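[1] show me the folded form of this:
(2 chains)
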Amino acid sequence: GQQLNQSPQSMFIQEGEDVSMNCTSSSIFNTWLWYKQDPGEGPVLLIALYKAGELTSNGRLTAQFGITRKDSFLNISASIPSDVGIYFCAGQSGGGADGLTFGKGTHLIIQP
Amino acid sequence: DAEITQSPRHKITETGRQVTLACHQTWNHNNMFWYRQDLGHGLRLIHYSYGVQDTNKGEVSDGYSVSRSNTEDLPLTLESAASSQTSVYFCASSTNTGTGTQYFGPGTRLTVL
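    This is a model prediction of the structure:
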């Protein structure tokens, strides 16, 4: 099946620093999604991207849909303690009703 | 407010038993999905449904079944639970508008002894 390579696997940063993570694939995706998961909870959607080259912001978060449709990145500016969690990229290769292919996650840890 | 709920939140069962995990959404979404989450694997698709009476197999469907008798519910059944099915299970739903955005429930942690 399709696979997404998400990196880094974990990040240890200082509060206030900017964060960058990305996902790459050997396959083309029509939609890229970024989710955050807190312990004991389900993933929560952060940003959805629908067009190659699209750059979308949600507060301190910015994500881009790669021009080749095989990659996406997520940036978090000026990190705060509540940003701690696991961030997942997810791709959808077919239509809007297809299941998602997930990356393995980036575990973000913020040191005060 | 519309939401998606799962029950139970935690379940311990024995090998060989039949187990059913419930998923209920009040978004009135046509599409519903079941994923399992394991360390080192992220989330993987088990089964999905595009509407009443429709079900489809995902990447890791062996040992699982679903049925869709109404819009709101997609129960996941483990016919004969195995230790390899110890995992956290998430249900999700999405509209039929073509955007692909899926909304997830809080998860069910299943332990098979």
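[2] and the strands in chain A?
    Taking DSSP state E as the test, the strands found in chain A are A:4-7, A:10-14, A:19-25, A:31-37, A:44-49, A:55-58, A:61-65, A:71-76, A:85-92, A:101-102, A:106-111.
[3] meant to ask about chain B, not that
    In order along the chain, chain B carries the following strands (DSSP E): B:4-7, B:10-13, B:19-25, B:31-38, B:42-49, B:56-57, B:64-66, B:76-78, B:87-94, B:103-104, B:108-112.
[4] which positions in chain B make contact with chain A?
    Residues of chain B lying near chain A by CB under 8 Å from any CB of the partner chain: B:30-31, B:33, B:35, B:40-45, B:48, B:50, B:58-59, B:90, B:92, B:94-107. All C-beta atoms are positioned from the backbone trio N, CA, C, and that covers glycine.
[5] buried subset of these?
    Restricting the residues of chain B next to chain A to buried positions leaves B:30-31, B:33, B:35, B:42-45, B:48, B:58, B:90, B:92, B:94-95, B:100-105, B:107, with burial counted as 16 or more other CB atoms under 10 Å in any protein chain shown.
[6] would you turn the strands of chain B into a markdown table with distance to A:I80 and mean pLDDT?
    Conversion of those to a markdown table gives the following (distance: least, CB to CB, whole Å; pLDDT from 0 to 100):
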| stretch | distance to A:I80 | mean pLDDT |
| --- | --- | --- |
| strand B:4-7 | 28 | 96 |
| strand B:10-13 | 31 | 97 |
| strand B:19-25 | 31 | 97 |
| strand B:31-38 | 26 | 95 |
| strand B:42-49 | 25 | 93 |
| strand B:56-57 | 41 | 94 |
| strand B:64-66 | 39 | 97 |
| strand B:76-78 | 36 | 98 |
| strand B:87-94 | 26 | 96 |
| strand B:103-104 | 23 | 92 |
| strand B:108-112 | 29 | 97 |
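[7] nearest to A:M11 among the ones you listed would be which one?
    Judged by CB to CB, the one of those that comes nearest to A:M11 is strand B:42-49, at 16.7 Å.
[8] ok, and what's touching the closest one?
    A:4, A:6, A:43, A:88, A:90, A:99-105, B:31-38, B:55-61, B:64-66, B:68, B:74, B:76, B:89-90 (CB atoms under 8 Å, 6 or more residues apart in numbering or on different chains).
[9] put the buried members of the residues you listed into a ChimeraX selection.
    Buried residues within these, by 16+ other CB under 10 Å, are selected in ChimeraX with:
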select /A:4,6,43,88,90,99,100,101,102,103,104,105 /B:31,32,33,34,35,36,37,55,58,60,61,64,66,68,74,76,89,90
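[10] show the contacting residues for B:T77.
    B:Q18, B:V19, B:T20, B:L21, B:Y64, B:S65, B:V66, B:S67.
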